[in-house]
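Engineer: Sequence below, structure please.
(one chain, ligands or ions: 2)
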Amino acid sequence: MFFSKLKENLQKTKENINIKISNIFANKKDIDEIIDEIEETLILSDVGTKTSCEICNNVRIKLKNQVDKSENAIKFLLKEEMENILNSSINENDDIENYNQKQVILIVGVNGVGKTTSIAKLTNLLKNNRKKVLLVAADTFRAGAVEQLDVWAKKINVDICIGDENQEPASVIYDAIKKFKNSDYDTLICDTAGRLHNKKNLMDELQKMNRVIDKNLQDVNKKVIMVLDATTGQNGVLQAKSFFEKTNVSGIILTKLDSTAKGGVVFSIVNELNIPILYIGTGERIEDIEKFNSKDFVESII
Ligand SMILES: Nc1nc2c(ncn2[C@@H]2O[C@H](COP(=O)(O)OP(=O)(O)OP(=O)(O)O)[C@@H](O)[C@H]2O)c(=O)[nH]1
Ligand SMILES: [Mg+2]
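Structural biologist: Ligands and ions are numbered 1, 2, ... in the order given. Predicted coordinates for the structure are as follows:
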């Protein structure tokens, strides 16, 4: 049930990868040429040059040592390599929904990638797991941003901290931490304004928020989660790289996979950034979020 929904959401990416690969097999006979063309297809599907090359080189090596060089056998090896890449940065602490101690999550990313929507989705998942969530609207930059989170908080029925007009984001977070400490909340989630990595004042502001959390919640597990928009493909990877130089990102939520053929970017992100994808966004509704699963993802696109 769940798996077929994922397949449906990744349809555009699947068309971009699987159908093209099947066409290669239909038109070519020479194995070396087939693998070269698969590599090219992967590069064009936003898997990235380095990662596509790694995947296909490993397939070439394995193929040398086996007799069966049929389409099915090659696809099997391909899937295996793709899954290996995705499994390379899994960390058992990444299970936010089932984490059974207090945790604080700082959500970061560039403008419009789906930070606030993803917070609503994640909060809903946590609430369904009987976790008590406190939200904090530390996006005091864009008009309407606080209201947007407040509407979600009311809909999901969780508490939210909202600062006074023009209150500094770090100080809004400071106030929320006090409330978080004084009650039996499990998770504090901080929404922040979208920002580009090269805007120094905004990056300084983010570092300040980070420091306030580190200083005042020393015993609480902290996660900085970057939200990335899959429709930006390889550009998103570049953006994220520069962002990571300035903040200590521990995981990624990759959004809008429902509306792009660039889902291959998942492999680049994990391989080049070495940061796990925790969740994927597959639509605008609150239930349109999936915990990232390497095997299911690969099976849905090839
Ligand atoms: N199709 C689709 N749309 C999404 C997804 N996630 C978010 N969106 C849409 O993307 C738009 C921006 O979402 P927001 O959550 O406001 O993004 P944001 O990063 O908080 O934006 P700023 O706070 O302005 O930086 C909204 O129209 C969302 O409905 C997704 O997984 N799929
Ligand atoms: Mg927002």
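Engineer: mind checking how far D229 is from L106?
Structural biologist: As judged by Cβ to Cβ, to the nearest Å, D229 and L106 stand 18 Å apart. For every residue, glycine as well, the C-beta is placed using N, CA and C.
Engineer: Can you list the low-confidence ranges for the stretch 151-300 of the chain?
Structural biologist: Judged against pLDDT under 70, the stretch 151-300 of the chain has no low-scoring part.
Engineer: Spell out which parts of it neighbour ligand 1.
Structural biologist: With the criterion set to Cβ under 6 Å from any ligand atom, the stretch 151-300 of the chain comes near ligand 1 through G194, T255, K256, D258, S259, G281, T282, G283, E284, D288.
Engineer: List the contacts of the residue lying closest to the last one once chain neighbours are set aside.
Structural biologist: The spatially closest residue to D288, leaving aside those adjacent along the chain, is T282, at 4.7 Å (Cβ to Cβ, 6 or more residues apart in numbering). Contact partners of T282, counting by Cβ atoms under 8 Å, 6 or more residues apart in numbering, are K5, L6, N9, L257, D258, D288, I289, E290.
Engineer: Could you tell me which of those residues are located in strands?
Structural biologist: I289, E290 (DSSP state E).
Engineer: Let me know the helix or strand that whichever residue of the stretch 51-200 of the chain sits closest to ligand 2 is in.
Structural biologist: Nearest to ligand 2, among the residues of the stretch 51-200 of the chain, is T116, at 3.3 Å (Cβ to the ion). Per DSSP states H and E: T116 is located in helix 115-128.
Engineer: Flag every buried residue along that helix.
Structural biologist: Buried residues in helix 115-128, counting neighbours by 16 or more other Cβ atoms under 10 Å, are found at K115, T116, T117, S118, I119, A120, K121, L122, T123, N124, L125, L126.
Engineer: And it, what does it pack against?
Structural biologist: strand 103-108, strand 133-138, helix 145-156, strand 187-192, strand 251-255, strand 277-281, strand 289-291 (3 or more Cβ pairs under 8 Å, 6 or more residues apart in numbering; DSSP states H and E).
Engineer: can you put the ones you listed in CSV and add mean neighbour count and distance to Q66?
Structural biologist: As requested, these are exported to CSV (neighbours: other Cβ atoms under 10 Å; distance: least, Cβ to Cβ, whole Å):
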stretch, mean neighbour count, distance to Q66
strand 103-108, 23, 45
strand 133-138, 26, 50
helix 145-156, 17, 51
strand 187-192, 26, 48
strand 251-255, 25, 34
strand 277-281, 24, 31
strand 289-291, 18, 34
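Engineer: Relative to R60, which of the ones you listed is closest?
Structural biologist: Closest to R60 of the helices and strands packed on helix 115-128 is strand 277-281 (Cβ to Cβ; 26.7 Å).
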